[in-house]
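Visitor: can you look at this prediction? I've put the sequence above it.
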Amino acid sequence: MSSFTLYLTGFIVLTGGLSCGACELGVQPACIATGAVVLAGIGIITAIRKTRQRDDSPANDA
């Protein structure tokens, strides 16, 4: 299992837990769905940033 998959899986579990808690508190389903979509986007962007391989090419000395 890659680091990206592991990171994203953890973020999905976190989003699910927060959504479940918001539902228990009586938050409207539309607000929960919006928050879940925003958190999913943040999770994907963060996972890509954390697991991306850096380019080892030398810097331009121009």
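Guide: Received it, and whenever you're ready, just let me know what you need. Numbers count the residues shown, from 1 in each chain.

Visitor: which of the helices or strands spans the residue nearest the centre of the chain?
Guide: Of all residues in the chain, the one closest to the mean position by C-alpha atoms, centre = their mean is Gly43, 0.9 Å from it. Following DSSP states H and E, one finds Gly43 within helix 29-51.

Visitor: name the helices or strands packed onto that helix?
Guide: If you count contacts as 3 or more C-beta pairs under 8 Å, 6 or more residues apart in numbering; DSSP states H and E, helix 29-51 packs onto helix 3-24. In this view, the C-beta of every residue, glycine as well, is placed from N, C-alpha and C.

Visitor: contact partners of the helix it packs on?
Guide: 29, 31-32, 35-36, 39-40, 43-44, 46-48, 50-51 (C-beta atoms under 8 Å, 6 or more residues apart in numbering).

Visitor: narrow these to just the buried residues.
Guide: Buried members of these, counted by 16 or more other C-beta atoms under 10 Å: Ile32, Ala36, Leu39, Gly43, Ala47.

Visitor: want to throw the residues you listed into a markdown table with distance to Leu6 and pLDDT?
Guide: Formatted as a markdown table, these follow (distance: C-beta to C-beta, whole Å; pLDDT from 0 to 100):
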| residue | distance to Leu6 | pLDDT |
| --- | --- | --- |
| Ile32 | 25 | 94 |
| Ala36 | 20 | 93 |
| Leu39 | 17 | 92 |
| Gly43 | 12 | 88 |
| Ala47 | 9 | 85 |
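
Visitor: generate JSON lines for those residues, with distance to Leu25 as supplementary columns.
Guide: Shown next, in JSON lines, are these (distance: C-beta to C-beta, whole Å):
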{"residue": "Ile32", "distance to Leu25": "10"}
{"residue": "Ala36", "distance to Leu25": "15"}
{"residue": "Leu39", "distance to Leu25": "16"}
{"residue": "Gly43", "distance to Leu25": "22"}
{"residue": "Ala47", "distance to Leu25": "27"}
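
Visitor: any idea which of those is closest to Ser2?
Guide: Closest approach between the buried ones among the contacts of helix 3-24 and Ser2, by C-beta to C-beta: Ala47, at 10.0 Å.
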